[in-house]
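Trainee: After the sequence you'll find the predicted model.
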Amino acid sequence: MYYEGKVYRPWMEADSLLIQTTLGCTHNKCTFCDMFRDKRFRIRKIEDIFADIDEASNAYRHIRSIFLIDGNVLALKTEFLLDILEKITTTIPECSKISLYAGLNDLRRKSVEELTELKKAGLTLAYVGLESGDRVTLERIQKGLTPEQAEEGMAKAKAAGIAVLASIIFGIGGKERSQKHIVATTRLLNIMQPEQLAPMALTIQPGTQLANQIETGAFIQATPLQILEEERYLLKNMTFKTIYWGDHGNNIVSLKGSLPESQELFLQKIELAIANHPVTKQEILLTSPW
């Protein structure tokens with residue numbers, strides 16, 4: 001199997017086979033992210049991707065799930081992706097789940113017909129980084145995404161039947177915009193209604209633009225108490241059914257389950273942490289880089 005550079009996959013994909021399809025990220029400008037700083041975006045040759053799929057089929061007796069890496073694989077031309085999906089489904093017919101990283105703008109730029117083709121060809125889940133629904137915060141972190149574009153991308157995915165796991169970041173608005181960030185994010189999520197949601201506490205990656213902004217004082221981190229209050233607001237005001245992956249290693253409270261079934265239980269745990277967790281006395285949340 002071929003892998004170049006640092007390799008990332010969501011924690012939910014721990015048991016999935018990783019097939020490197022692209023290298024890097026087409027955007028690669030987010031101030032908080034260093035996942036692909038060491039790579040210039042490019043597409044692997046399809047014959048090399050096919051060779052990895054063949055090798056995996058020979059090496060493993062049963063492959064249930066495949067995750068296509070690197071960043072925003074959905075940016076590739078639909079025909080190219082259809083060829084890869086067909087190769088996977090014919091070579092590894094027992095594979096029941098094919099997922100990939102995507103940008104909401106990647107979903108937006110494809111037609112519903114194209115996305116429907118990809119769904120029929122075997123694509124089951126797209127991981128998208130929303131991070132915030134607050135227009136000012138999105139601009140500050142250089143996400144290259146507006147709330148309206150996020151809404152449009154999600155609507156196309158739903159029309160095509162492709163499930164979406166959206167990630168958001170508690171604390172990404174900083175100390176100043178904590179409340180505005182979470183209010184706008186919750187409002188947008190209630191419109192988008194992703195099938196799965198992964199909220200994560202902000203992690204400062206060394207060497208990023210955001211890390212430099214913290215050093216200069218241009219960005220003041222939200223306190224751990226604010227981060228917990230953001231999660232409390234989200235859980236109190238969510239109005240849609242989803243799978244909640246709040247168990248990222250950097251989150252203060254580990255929460256995982258279906259909503260709304262687990263909503264009250266999760267709120268109780270957050271309230272308990274707000275009242276008693278010693279981290280609420282600290283000025284910043286100390287987390288481990290990815």
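Mentor: All right, it came through fine.
Trainee: what helix or strand is the most far-flung residue of the chain relative to its centre on?
Mentor: Using CA atoms, centre = their mean, the residue of the chain lying farthest from its centre is residue 58. It sits 30.7 Å away. Residue 58 belongs to helix 46-59 when assigned by DSSP states H and E.
Trainee: which of the residues in whichever helix or strand comes after that helix are buried?
Mentor: Counting by DSSP H and E, the next helix or strand C-terminal to helix 46-59 is strand 65-69. The neighbour-count check on strand 65-69 (16 or more other CB atoms under 10 Å) flags 65, 66, 67, 68, 69 as buried. C-beta: built from backbone N, CA, C; applies to glycine.
Trainee: go on, stretch 139-157?
Mentor: Neighbour-count burial for stretch 139-157 flags 140-141, 143-145, 147, 149-157 (criterion: 16+ other CB under 10 Å).
Trainee: Which residues does that stretch contact?
Mentor: 27, 29-32, 103-108, 110-112, 115, 126, 128-133, 135, 138, 163-164, 166, 172, 184, 188, 191-194, 209-210 (CB atoms under 8 Å, 6 or more residues apart in numbering).
Trainee: Same question for stretch 32-41.
Mentor: By CB under 8 Å, 6+ apart, stretch 32-41 touches 4-6, 8, 22-26, 28, 70-71, 131, 141, 169, 172, 202-210, 290.
Trainee: what about 10 Å?
Mentor: For stretch 32-41, contacts defined as CB atoms under 10 Å, 6 or more residues apart in numbering pick out 4-8, 22-28, 30, 70-72, 75, 101, 129, 131, 141-143, 169, 171-172, 202-211, 213, 219, 289-290.
Trainee: would you list every one of the helices in the chain?
Mentor: Assigned by DSSP state H, the chain shows helices spanning 46-59, 78-91, 104-109, 112-121, 135-140, 147-160, 178-192, 209-216, 224-237, 263-276.
Trainee: ok, back up a step: kindly indicate which of the buried residues of stretch 139-157 lies nearest residue 79.
Mentor: residue 156 (18.1 Å; CB to CB).
Trainee: Please report the distance of the closest one from residue 127.
Mentor: Distance, residue 156 to residue 127, by CB to CB, to the nearest Å: 16 Å.
Trainee: same deal with residue 204?
Mentor: Distance from residue 204 to residue 127, by CB to CB: 22 Å.
Trainee: Show me which of the two is the more surrounded one.
Mentor: Using other CB atoms under 10 Å, the more surrounded residue of residue 204 and residue 127 is residue 127, with 22 against 18.
Trainee: Could you double-check that the more buried one lies in contact with residue 198?
Mentor: Yes - Residue 127 is within contact range of residue 198, at 8.1 Å (criterion: CB atoms under 10 Å).
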